[in-house]
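Student: Got a sequence here, can you build the structure:
(one chain, ligands or ions: 1)
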Amino acid sequence: MKTFIVSLLVLCGLSTAVYAEGYQVDIERGKALATAQCESCHGLAMIAMAKQFPNLRGQKPAYLNKQLVDFKAGLRLDPLMQSQVSALTAEQLQDVALFYSQQDIPNLSAN
Ligand code: HEC
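Tutor: Down below sits the predicted model:
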């Protein structure tokens, strides 16, 4: 029982750290942000060309959101990405994570 309660507290703690509470994630806002700020590097042309630029399409939203939150918190280090997310809110990170998760996975096998 004690373990269960501790696990529950840990889960709650994690979820409040990662998700903005009570926020209705907005895929259209995520799309607008991706188009304006992320596609220059994470667009299909660039991920095919630049081997170190990861594909985000079709990845799980919770995974994408966690990476973005970690970049912002300095728990995952990458100068490019840390500067990309530094001015974004927790809500914007969720929006853009949802947007990319809903895109078709590209066939990169030729690259
Ligand atoms: C200037 C180029 C550039 C821009 C613009 C950019 N990124 Fe990135 N992004 C990268 C690179 C390079 C990496 C790989 C970092 C590493 O090696 O850890 C990355 C990694 C990521 C990851 C982790 C992927 C994984 O599989 O773990 C996510 C999520 C991400 N970017 C989302 C975004 C979002 C959302 C935006 C727009 C707000 C954005 N990026 C804008 C270059 C960019």
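Student: contacting residues for Phe71?
Tutor: For Phe71, the contacting residues are 78, 81-82, 84-85, by Cβ atoms under 8 Å, 6 or more residues apart in numbering. Quick note: C-beta positions are derived from backbone N, CA and C, even for glycine.
Student: Same check on Ala34?
Tutor: 42, 96, 99-100.
Student: cool, Leu33 as well?
Tutor: Leu33 touches 88, 92, 95-96, 99, counting by Cβ under 8 Å, 6+ apart.
Student: hmm, back to that, what's the closest of the contacts of Ala34 to Gly30?
Tutor: Phe99 (3.2 Å; Cβ to Cβ).
Student: close to the ligand, is the host helix or strand of the closest one?
Tutor: Per DSSP states H and E, Phe99 falls inside helix 90-101. Yes. Using Cβ under 6 Å from any ligand atom, we find that helix 90-101 touches the ligand at Val96.
Student: One more: stretch 61-72?
Tutor: Yes. Counting by Cβ under 6 Å from any ligand atom, the ligand is contacted by stretch 61-72 at 64, 67-68.
Student: Tell me how far that stretch lies from the chain's centre.
Tutor: How far stretch 61-72 lies from its chain's middle: 4 Å, per Cα atoms, centre = their mean, to the nearest Å.
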